[in-house]
Structures are given as C-alpha cells and as structure tokens.
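Chemist: Model the structure of this input:
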Amino acid sequence: MNCYYKRGRFHDSIMKGAKSKGATRKADSKLTVKKAAPKGKAAKDPNKPKRPASAFFVFMEDFRKQFKEENPGNKSVAAVGKAGGAKWKSMSDAEKAPFVAKAEKRKEEYEKTLASYNKKLAAGDDDDDSDKSKSEVNDEEDEEGSEEDEDDD
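Modeler: This is a model prediction of the structure:
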C-alpha cells in the first residue's frame, strides 16, 4: 500500500482516489443549492381539488384521536403511525368496511368537484385568446380612435 505523510498523519486515501476534506465541503455546498423545476413541467394549480384520503387514512383520523386519549404523554408521530398500521392489519374486512365506505363517498365527491374544475378550465381556455382582458383591448381601440380624430383637425 502506498502512503504519504501530511501534517503529522499518514494518508493512503490519495492513492485510492478519495477526495480531500476541502473537496467534500465544496461538493456538499453544491448539493444544498435548490435547482429549478424542469422546463417542460408545468406549475401546479393551487385551485385544483385535492385527492381524497384512502380508507386507511380515514381510519387513521379516528385512530389518532383515540391513541391521544389513551397515551396523552406520547408525542411521537412514528409511534402513532406504527400502532395504527398494526391495528389496521389486524382488523377484518368487516371492521374496515365503514372506513372503506367513507373513503368511497369522499372519492365520489372528489370526482364531481374535479369534473366541475376541469369544465371551468376548459371554458377559461377558450375565452382567453390573449393575455389582455377584453376591457383593455377596448380601451386601446378607443385611444387609437381618439388620436385619429385629433389628426383630422
């Protein structure tokens, strides 16, 4: 093994191709820089309705309340999640049925709101031929007409 002496220590990392501490710090600082979203990806619409919760998450809404009452000193989110997951797995299909029904109901409501949202988007896209509103376009036409009237005098 090839070694060399640097600042009171023997190092063999250079021979293996490892980077020095300074090089890793520079690499770490590069990793913390936020990158922009890909060019082809569109921004998310904040008005779009959120997807409904699954049957498990509907169950967890009730389970969290129950778990808090039974364990008021426990502040761990992971403990609640693990206990809820274990209980969900041990439940029979008959016990899960009310939560599945609530989830289905929420899914139907979501589909209705999504359909109305999509209709609004489609209607809005047809009307907007340009970035200017109709009132701005009419104002520009009025200004052009008044300038022509002044030129005639």
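Chemist: how about the biggest helix by length in the chain: buried residues?
Modeler: In the chain, with assignment by DSSP state H, the single longest helix is helix 93-127. Using 16 or more other CB atoms under 10 Å as the test for burial, helix 93-127 gives K96, F99, K102, A103, R106. Glycine gets a C-beta too; all of them are placed from N, C-alpha and C.
Chemist: Please report how far the residue nearest to the fourth one when sequence neighbours are not counted lies from P46.
Modeler: So that's A103. Of all residues not flanking A103 in the chain, A55 sits nearest, at 4.2 Å (CB to CB, 6 or more residues apart in numbering). A55 sits at a distance of 27 Å from P46 (criterion: CB to CB, to the nearest Å).
Chemist: So which of the two has more stuff around it?
Modeler: Higher neighbour count among A55 and P46: A55, with 19 against 5, using other CB atoms under 10 Å.
Chemist: any weak-confidence spans in the protein?
Modeler: Applying pLDDT under 70 to the chain picks out residues 1-38, 126-153.
Chemist: which residues of the chain fall in helices?
Modeler: With DSSP H as the criterion, the chain has helices at 13-16, 21-31, 55-70, 77-90, 93-127, 134-152.
Chemist: give me the number of residues near N47?
Modeler: 8.
Chemist: quick one: contacts for the closest residue to it other than its chain neighbours?
Modeler: Spatial nearest neighbour of N47, excluding adjacent residues (CB to CB, 6+ apart): Y117 at 7.2 Å. Contacts here follow CB atoms under 8 Å, 6 or more residues apart in numbering; on that basis Y117 touches N47, K48, P49.
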